[in-house]
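Chemist: Take a look and give me a structure for this.
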Amino acid sequence: MELFFLCLKIFCARILDVSIGTIRTMLMVKGKTFIMVILAFVEVFIWFVVAREALITDVKSIFIPISYSLGYASGTLIGSCIANHFIKGIVGVQVVIEKGNKRLMNAIRKHNYAVSVIDLKDDFNGNKRDMLYFQINHKHLKQLISLIKKYDENAFIVVNDTKAVQNGFLK
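Modeler: A predicted model of the protein is given here:
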């Protein structure tokens, strides 16, 4: 029974500290320094206490490193789910479409998206295309992609996290 509770404690603590570490890393990318420092302290404190207990216990069992490893893996999954749900921010969206898709452009503007259009030319076969460039709040991403796919199922879409935007218009 002692082994079960030790393994459960290690598993849960690893979920907590690794989830915090995953969230901290995503905040670091977004430039949220102050909260990141606090989370780093809490993360390492939990890790130290759990690692120490796992290493100095008199209980010898393969289940201790297994629970430690499962907690780490679960914490990575849970932390990334939490971070993706709560840490939004701004994303850059680049879309390559056939040249002159007026229906799509009208729909984009009707939905109040600010878009820059760049003329592209494929040197291989001479096809002309447009690249649409957006900076939007992450919460509008699914709506924008759905709108684009409605008018061009073959659109090539690339989404990147954006650290900061100055000037311009964001929906």
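Chemist: hey, let's count contacts and neighbours off CA atoms from now on
Modeler: Noted.
Chemist: mind checking the backbone torsions on the residue lying farthest from the centre of the chain?
Modeler: Ranked by distance from the centre of the chain (C-alpha atoms, centre = their mean), the top residue is Asp58, with 40.3 Å. Taking degrees, to the nearest 10, you get phi -80, psi -20 for the backbone angles of Asp58.
Chemist: any idea how far Leu132 is from it?
Modeler: 62 Å (C-alpha to C-alpha, to the nearest Å).
Chemist: Please apply the same query to Arg109.
Modeler: 12 Å.
Chemist: give the contact list for Ile87.
Modeler: By C-alpha atoms under 8 Å, 6 or more residues apart in numbering, the contact set of Ile87 is Met26, Leu27.
Chemist: How about residues contacting the strand or helix carrying Gly75?
Modeler: Element membership for Gly75, per DSSP states H and E: helix 63-86. Helix 63-86 is contacted by residues 6-8, 10-23, 26, 54 when judged by C-alpha under 8 Å, 6+ apart.
Chemist: Please apply the same query to stretch 146-153.
Modeler: Ile97, Arg103, Leu104, Ala107, Ile108, Ala155.
Chemist: Can you tell me the SS state at Gln166?
Modeler: Three-state call for Gln166 (DSSP: H, G, I helix; E, B strand; the rest coil): coil.
Chemist: Name the residues of the longest helix seen in the chain that are buried.
Modeler: Counting by DSSP state H, the longest helix found in the chain is helix 2-29. If you call a residue buried by 16 or more other C-alpha atoms under 10 Å, then helix 2-29 has these buried ones: 6-27.
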